[in-house]
Structure formats: C-alpha cells, structure tokens
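Student: Model the structure of this input:
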Amino acid sequence: MIRTNHARTASIFIVLITTLLSCSKKDVTLTPADTTLSALDTDASGGITVTQHAAVPASWYKLELKLIKESAGFTPPVAARAIAYTGIALHEAVVNGNRYGHSLGGQLDALPRLPAPERYKKYDWAIAANSALAAIIRQLIPNASPTNAALITQLEAANLDTLRPGVSQEVVNRSVAYGQSIAAAVYQWSATDGGKDGYLNNFPDTYVPPAGPGLWIPTPPGFQRAMLPYWGNNRLLVRNCSPLTYLPHPPYSTDSTSAFGRSAWSLYQKSKTLTPTETNIALYWADGTGTFTPPGHLIGIAVQLADEQQLNLQETAALLARVGIGLNDAGIVCWKYKYRYNLLRPVTYIRNLIEPGWNSLIGTPPFPSYTSGHATFSSAAGHILAARFGQQFTFTDQQKVPDGFTARTFTRFTDMIDEAAVSRIYGGIHYDFDSENGKISGQDVARNVLSLQL
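Tutor: Okay, the predicted model is just below:
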C-alpha cells in the first residue's frame, strides 16, 4: 500500500509540473494546488497567472521542499543551506541571459569564477536552469528516498520535453551541459563551508553543553541533545559584511521584578490568556518537525510572489538567490548566537520557578533560546523581499492553505516579520527579547545580502 501511494504521488506530481510547463511561449492559469509549495494535493480554488519561465524554478522549488519535508536530517539551518545553494546555482545558470546581470563568482566568500558560456554560441536559459536545478538538488539532498529521487529524474525529463520544441538539438545539448557544469562548480564550492554533512549529524555526541544558572538544558518531552551546536562556525556566504554586533540578552535572574524575570512572567501569563487569533498565529508559523521548515515557508512565499508578479526567468533567479543566501546566513548567525549565550528555554525557567509541569503550546526545539530562529529567518527574508517589491506591498501567504489554515494577508513585509517573530512567544518557546533581537540580526543579514550585485 505504501508503494502504491508513493507511486500515485509521483504520478500526480509529474502531471502537475507538466501542466505547469505545457505552454512554452504563453502564460498559463494555475490553481494554488499547482503553485503553493507546502503540499501537492490541495484542492483549494482560485487562480494566479504564472509565466512559463518562472514556472521552471517554481517546479523545482516545489519538489525541493517536498524533499526537505521527507528527507531525514533537514532541520531549519540545514534546509536553509540547501535552499541557498539551489538559488545560487539557478542564478549562475541563467545570469548570462541578462546583459545587465552580475555573476556571484568573486562576490560570495571563496566562490571562484564560474564556468562561462561559449562566446557567440546560442543557449536556451530555461533549459540550462532546468539542468542546473536537477543536478544541484540531487547533490544537496543525497538521502532522498528512492521514490523522491526518481521524481528528480522524472521532473528533469518532463521539463526538458516541454522546453525543447523549437530548439535545435545542438542548443539543447549545449544548454544542458552548461547547467550541469554550473551545478558541479557550485556544489564543489558548497562542500567547503562546514555544513555539507549537517543532515547526517544534527545531534553530535561530541558536544557537552556548559552548565550553570540560566544555561540551556535539554527540554521536555524528548530531552534531546543540543541540535547543530557547531553550525555557527560555518562559512557565511556574504563575505566582508558589515559587523553583526552580538546583542546581549537581559542578565539572567530569578527575581520576578528583573528584566529577565518580567519577560518570563509575561510569557507565562500570555500562555494563560491566548486568544483564538493568537493561538492560530502560533500554529500557523510553527513549521516544526516533518514540515518544509521556516526557511522553506519563506522561500515558498518568494516563489509565490515571483509567480504572481510575473517575474521573468532572470528576475526570478536573482530574487530566489538573494532570499536563499539570506536564509542561509541568518541560520548561521542565529546559531552562533544560540551557542555563544546558551540561554535556557522558557519551559525550564517556568517549570523551575513559576509552575511545575507547565507546557508550551508548541513543542520546544532542542537548542538554546537566544536568539529566535523564526525572527532571524523571517527578518532576513522579509527585508530582502521588501527591497524587491517595496515595503508597502500587499500580499497573501498561501503556503499553509494545504495544511488546513486560512491564507494570511499582509500589507507590509514588516507585518509578516513581526507576526512570525511573535508567533514563538505565543507558542511559549521564546522570550520577547529572543524575537526582538533576532529581528535586528536578521535585518543586518538582509543588508549584507542586498549589497551584492545581481
């Protein structure tokens, strides 16, 4: 039965992607089932217009988020890393199709000059993108199940079959080879960043957390070892960035009138008085184990907006590269904070000092509290999106509709950032200063990413 269901899912997936790309020179109208990245089997109604060129990366990000959800070890920072290198490979595969475009070679830390297309030879950039994305995703998620690995091969072939009409075989071959060469070069570079095998060892037994008042200890219910304690040592993608000042949290104190104590008590009291709206916000942004993770949620929004705004292939590639780079560096910066300060989680503080047996609304992740990953990720991505579309920009996040949530509409990207950040307070797993300072460091990351020339 499991094999039958997997085969059915694979068939549905390829049918959806073939439909997505079925008009090589025209726009096609798709329902959110075709464009929302959090699932493949929604029956939500409505339609948005998707340009053919933007549909090529959209199809691959849809599949990548499915693989992240279903492949072991792709925790949020690991997922952000995969998303980042996917966007870089996409951008580099098509940047030469834009006379005003700039390669990231020489701009990102230790990224050398990448393979260049042959002069005076013709390329089909959508075919090159398809080839590069297939190759890089296959390498970045090597532990995909056999069924999902087969989807990579099937999607690559389905896209190529749709894109090749009217293109000479010589150009097809040249474009495919070029995309593969870009993916190979990007992957070779990625392997030197310190995070290549993170998905294999999220909980290293070599790490012994420091002990003392106010310091992190494993939390209920799983009491797992610390997750990715060395991730903050990974290489940032954006080099020569402006200083990221380490913002200290309020000094740890058991005094309920201290700044720290007041924050803990505020969170505890909020947990007792959550409104239905606040509860929904906490659950909407949870994106925990078994989901496409917070970075996946945010790149999903970016792909959705690229589709809705009808960005062309190069514009889509530049946007997704920027957002992906921001998510990766946000994860590294946040995890550097987490293991620099090793702050205990609210559940530990509250159970020890306020109410034994207290539980948070959502599960507490197995790593220190300060700063908030959600706040850092959403701030980095949100400010990058605001730079592209404008701060006063109304959009509707459809990514969780397949999971039974109502789509959420925002009139500013800062509203999205603030809601994602406060969701972790409503969920009972972060102090308010975790979120506020996470937003600051995420904005710093975005500023550095926006200094790149794409």
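Student: Grab the most central residue of the chain for me.
Tutor: residue 295 (2.3 Å; C-alpha atoms, centre = their mean).
Student: Find the nearest non-adjacent residue to it, please.
Tutor: In space, and not counting its chain neighbours, residue 295 is closest to residue 80: 3.9 Å by C-beta to C-beta, 6 or more residues apart in numbering. Just so you know, the C-beta spots here come from the backbone N, C-alpha and C atoms, and that holds for glycine as well.
Student: Quick check, the one you found in contact with residue 325.
Tutor: No. The criterion here is C-beta atoms under 8 Å, and residue 80 misses it with residue 325 at 9.6 Å.
Student: how close does the residue nearest to residue 295 sit to residue 333?
Tutor: From residue 80 across to residue 333, the span is 11 Å (C-beta to C-beta, to the nearest Å).
Student: Of those two, give the one with the bigger neighbour count.
Tutor: Taking other C-beta atoms under 10 Å, residue 80 and residue 333 do not tie; residue 80 has more neighbours (32 against 24).
Student: Tell me the secondary structure at that one.
Tutor: Following DSSP: H, G, I helix; E, B strand; the rest coil, we place residue 80 in the helix state.
Student: circling back to that earlier point, in the host helix or strand of the residue nearest to the centre of the chain, what's buried?
Tutor: Using DSSP states H and E, residue 295 maps to helix 293-308. Neighbour counts over helix 293-308 (16 or more other C-beta atoms under 10 Å) mark 293-308 as buried.
Student: Just want the angle from the longest helix along the chain to helix 293-308.
Tutor: Longest helix of the chain, by residue count under DSSP state H: helix 313-341. Helix 313-341 and helix 293-308 meet at an angle of 160 degrees, taking axes from the mean of the first three to the mean of the last three C-alpha atoms, to 10 degrees as the criterion.
Student: Please, which helix or strand holds residue 361?
Tutor: Judged by DSSP H and E, residue 361 forms part of no helix or strand.
Student: nearest spatial neighbour of residue 440, skipping sequence neighbours?
Tutor: Counting by C-beta to C-beta, 6+ apart, the residue nearest residue 440 is residue 247, at 6.4 Å.
Student: How about residue 130?
Tutor: In space, and not counting its chain neighbours, residue 130 is closest to residue 159: 4.5 Å by C-beta to C-beta, 6+ apart.
Student: So that neighbour sits against residue 59, correct?
Tutor: Yes. Contact criterion C-beta under 8 Å: residue 159 and residue 59 qualify, at 6.4 Å.
Student: Please enumerate the strands of the stretch 301-450 of the chain.
Tutor: Listed in chain order, the strands of the stretch 301-450 of the chain (DSSP state E, counting those that start in this stretch) span 395-397, 408-410.
Student: hang on, the earlier thing: next, work out how far apart the residue nearest to residue 295 and residue 380 are.
Tutor: 9 Å.
Student: residues shared between the contacts of those two?
Tutor: Contact criterion C-beta atoms under 8 Å, 6 or more residues apart in numbering; residues shared by residue 80 and residue 380: 327, 330.
Student: how about residue 215, phi and psi?
Tutor: Backbone geometry at residue 215, expressed as degrees, to the nearest 10, gives phi -90, psi 150.
Student: okay, and for the stretch 201-350 of the chain, where does confidence drop off?
Tutor: Scanning the stretch 201-350 of the chain for pLDDT under 70 picks out 240-246.
Student: Show me how the protein divides into domains.
Tutor: Following automatic domain parsing, one finds the domains of the chain at 2-190, 205-450.
Student: would you turn the ones you listed into JSON lines with distance to residue 196?
Tutor: What follows is those, written out as JSON lines (distance: least, C-beta to C-beta, whole Å):
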{"stretch": "domain 2-190", "distance to residue 196": "7"}
{"stretch": "domain 205-450", "distance to residue 196": "10"}
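Student: Out of those, the one nearest residue 199 is which?
Tutor: Closest to residue 199 of those is domain 2-190 (C-beta to C-beta; 3.2 Å).
Student: For that closest one, what does the pLDDT average out to?
Tutor: The predicted model gives domain 2-190 an average pLDDT of 80.
Student: Next up, the contacts around residue 287.
Tutor: 293, 294, 296, 297.
Student: tell me the secondary structure for it?
Tutor: Put simply, residue 287 is coil when judged by three-state DSSP.
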